[in-house]
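**Student:** Mind looking at a prediction? Sequence and model below.
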Protein chains: 2
Amino acid sequence: MSRMPTTADAFNAVAEPRRRQILDLLVGGERQVNDLVEATGLGQPQVSKHLRVLREVGAVHSREQGRRRLYRVDPEALRPIFDWVSPYQRLWEERFEQLDDVLTDLKEAEGDGNDR
Amino acid sequence: MSRMPTTADAFNAVAEPRRRQILDLLVGGERQVNDLVEATGLGQPQVSKHLRVLREVGAVHSREQGRRRLYRVDPEALRPIFDWVSPYQRLWEERFEQLDDVLTDLKEAEGDGNDR
DNA sequence: TTGACATATTCCTATATCGGTATATATTGC
DNA sequence: GCAATATATACCGATATAGGAATATGTCAA
């Protein structure tokens, strides 16, 4: 077998930095494709293809307005990513607190003359 | 060009569900490879290869103990994912609040003694 | 030393990608 | 209808995968 398709889920779709960039641009509001082409510096077909992937995982939706197509972000599709990664945040925060404790202890120990 | 290597960054590394599963198992504490093989049902070489990818992006570290190798998770490597996705959480929460407001308004419009 | 155990690496193959270029499909305005 | 604009799709080429099987490396124990 090969690697999982980019359209398999949000995790795969968002692994590509250009697609994250596009989503970040859409956070500012609806945009048409040409806007995104200009903002990203990518070719128009490339942007359309990235949008297709994002559409297939539900991360964006589009609405037609004459000959242009307006895209908007659907943050709900990214929730599984947030849900998965959130517990790890607790871990690195705990670790930070432990480091903090160590530093506090060092400060206290500094009281008499030990170097460093 | 082709798709970005899985070892390019944490986003690509965790796009593979098996690797997320392995990380989730390691949250419980250090584990040796055979443990992970049994817990995941994957083949031993597959697990070793996944661990290699996770190591290369810094998501796990290993320590040798005799003939076994103990792996532990390093949550810090996942921080960029959390940082990127967090702002989107606000968006879907806002949306939820809006929905909530709508529901509240509907309730109020309904008029009389209904409990929540 | 020899054999059993634990882990990593190599080779193979099918597959899905990504960018680039060219082209197809609408839609608008004259 | 025709040219111009906006977007999507098709085709190509190079590449990196993921699982499977076989093998290499390393360590312990009798």
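**Tutor:** Good, I have the coordinates. Note that the coordinates shown come from a computational prediction; the quantities given were computed from them, not determined experimentally. Numbers count the residues shown, from 1 in each chain, chains lettered A, B, ... in the order given.
**Student:** low-confidence ranges in chain A?
**Tutor:** Residue ranges of chain A with pLDDT under 70: A:95-101, A:103-116.
**Student:** Geometrically speaking, which residue is the centre of it?
**Tutor:** A:Arg20 (5.6 Å; Cα atoms, centre = their mean).
**Student:** Specify the local secondary structure of that one.
**Tutor:** Here A:Arg20 is recorded as helix under DSSP: H, G, I helix; E, B strand; the rest coil.
**Student:** from what I can see it touches B:Trp84, true?
**Tutor:** Yes. Checked against Cβ atoms under 8 Å, the pair A:Arg20 and B:Trp84 is within contact range at 6.4 Å. Backbone N, C-alpha and C define where each C-beta goes, glycine included.
**Student:** on that earlier part again, what phi and what psi does the backbone show at the residue lying closest to the residue nearest to the centre of chain A once chain neighbours are set aside?
**Tutor:** Ranked by Cβ to Cβ, 6 or more residues apart in numbering or on different chains and with sequence neighbours excluded, the top spatial neighbour of A:Arg20 is A:Val14, at 5.7 Å. A:Val14 adopts backbone torsions of phi -90, psi 0, taken as degrees, to the nearest 10.
**Student:** Also A:Leu91?
**Tutor:** Dihedral angles (degrees, to the nearest 10) for A:Leu91: phi -60, psi -40.
**Student:** and it, how many neighbours?
**Tutor:** Look at A:Leu91: counted by other Cβ atoms under 10 Å in any protein chain shown, it has 15 neighbours.
**Student:** List the contacts of it.
**Tutor:** B:Val27, B:Val73, B:Pro75 (Cβ atoms under 8 Å, 6 or more residues apart in numbering or on different chains).
**Student:** which one is the first one nearest to, not counting chain neighbours?
**Tutor:** Just to be clear, that refers to B:Val27. B:Val73 (6.0 Å).
**Student:** Please list all residues in contact with that neighbour.
**Tutor:** Shown here is B:Val73, whose contacts under the criterion Cβ under 8 Å, 6+ apart are A:Tyr88, A:Leu91, B:Leu23, B:Leu26, B:Val27, B:Ala59, B:Val60.
**Student:** out of those, who's nearest DNA strand C?
**Tutor:** Checking the contacts of B:Val73 against DNA strand C by Cβ to the nearest atom of the strand gives B:Val60 as the nearest, at 9.8 Å.
**Student:** where's A:Ala13 relative to B:Arg19, distance?
**Tutor:** Here the distance between A:Ala13 and B:Arg19 works out to 16 Å (Cβ to Cβ, to the nearest Å).
**Student:** quick one: which of the two has more around it?
**Tutor:** Set side by side, A:Ala13 and B:Arg19 show more neighbours around A:Ala13, with 27 against 22, by other Cβ under 10 Å.
**Student:** Look up phi and psi at the more buried one.
**Tutor:** According to degrees, to the nearest 10, A:Ala13 has phi -60, psi -40.
**Student:** That one and A:Thr7 touch, don't they?
**Tutor:** Yes. With contact defined as Cβ under 8 Å, A:Ala13 counts as touching A:Thr7 (6.6 Å).
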